[in-house]
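J.: show me how the following folds:
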Amino acid sequence: MPLSVDGHETQCRMFGQDAFAEGGAVLMVHGAAMDHSIWDPVLPALERHDRPYLAVDLPAHGGSAGGALATLADMGDWLARLADAAGMVRPVALGHSMGGAAVLEFAARHPEMGSAVGLLGVSARMPVHPDLLAMAENDPAAAGALVGKWAVAKDGPREAAEVAAALVARSAPGVLVSDLKACDSYQDGAASAGRLQCPALFILGEVDRMTPPADAEPLVGAAPCAHKSVLPGIGHMMTLEAPDATYAALDEFLGGVGEHSSK
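T.: Here you go, the predicted structure:
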């Protein structure tokens, strides 16, 4: 279902939108060059538990129009405008990889808007190798295959790697390199985590080769109310590799959002 944000059609998958104004609905944001479908494996569980949600395609991603946003701060501000357009009051914002950094910026820059954040597969810095940047610009299909290979555990499900690779490969021209540059230039993670005024859950893959759990520690240490769940044997694409374990970690956190207090 499309929404209009900044005058552009924005593609979303929504459930229970009549309850968005009640607070606590779940807003979900994908990673670089992907789209809202990375959340598909966990959406049925949200629906079974009657948790309202909105899974969005960022501008220029998936079915959304507009140009790709150049910085993580821009993405965070855009998410605030999306929440307003959708009538979401104090959502729980979840983000994967680049989307996690975007959610972190959303919550840090607009503290009045979010009730909690869930950050999946994130790190304080997200440097990108120059060779991958060049490949993203010149051969997106090859870049997608490389991302797919590294985004799952070495012995992880092949289908998860194939889905990740396909999503990247079919992204619009220029989107992958724009997203990777936004990640590469991001330096504000720890400072933004320190400004959070809401609980934060970090879901990390034990064998994530793209954002290793140790690289999230500056964020975990800086966030005033941090909770951490490390998924054993899981890589970067946890929603595709282990949707049940991912949802279990989310469900426990979502159920206690109102009970969490600052450490």
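
J.: buried stuff in the helix or strand encompassing Val117?
T.: Secondary structure from DSSP states H and E places Val117 in strand 116-120. Going by neighbour count (16 or more other CB atoms under 10 Å), the buried part of strand 116-120 is 116-120. Heads up, the C-betas are built off the backbone N, CA and C, glycines and all.

J.: counting by contacts, list what that strand packs against.
T.: Using 3 or more CB pairs under 8 Å, 6 or more residues apart in numbering; DSSP states H and E as the contact definition, the elements that strand 116-120 packs against are strand 92-96, helix 98-109, strand 200-205, helix 243-255.

J.: surely Arg13 touches Leu43?
T.: Yes - Arg13 is within contact range of Leu43, at 7.1 Å (criterion: CB atoms under 8 Å).

J.: can I assume Ala55 sits in a strand?
T.: Yes - following the definition DSSP: H, G, I helix; E, B strand; the rest coil, Ala55 is counted among the residues of a strand.

J.: Ala153 versus that one, what's the distance?
T.: Distance of Ala55 to Ala153, given as CB to CB, to the nearest Å: 24 Å.

J.: more neighbours, these two?
T.: Legend: neighbour count by other CB atoms under 10 Å for Ala55 and Ala153, higher for Ala55 (25 against 22).

J.: all strands of the stretch 1-150 of the chain, in order?
T.: If DSSP state E, counting those that start in this stretch is used as the criterion, the strands of the stretch 1-150 of the chain fall at 2-5, 8-15, 26-29, 53-56, 92-96, 116-120.

J.: would you single out the least confident of these?
T.: Least confident of these, judged by mean pLDDT, is strand 2-5 with a mean of 94.

J.: got the buried residues for it?
T.: 3, 5.

J.: equivalent analysis for stretch 52-67, please.
T.: Buried residues in stretch 52-67, counted by 16+ other CB under 10 Å: 52-62, 64-66.

J.: what sits against Leu140?
T.: Careful, residue 140 is Pro and not Leu. Under the criterion of CB atoms under 8 Å, 6 or more residues apart in numbering, the neighbours of Pro140 are 168-169, 171, 173, 176.

J.: and the pLDDT at it?
T.: The model reports Pro140 with a pLDDT of 84.

J.: from Thr211, how far off is it?
T.: Counting by CB to CB, the gap from Pro140 to Thr211 is 21 Å.

J.: for the protein, which element, helix or strand, carries the lowest mean pLDDT?
T.: helix 140-151 (a mean of 89; mean pLDDT, DSSP states H and E).

J.: before we move on, which element is Lys228 in?
T.: With DSSP H and E as the criterion, the answer for Lys228 is strand 226-231.

J.: average pLDDT across the next helix or strand after that strand?
T.: Note on strand 226-231: by DSSP H and E, the next helix or strand toward the C-terminus is helix 238-241. Over the span of helix 238-241, the pLDDT mean works out to 97.

J.: alright, calling it a day.
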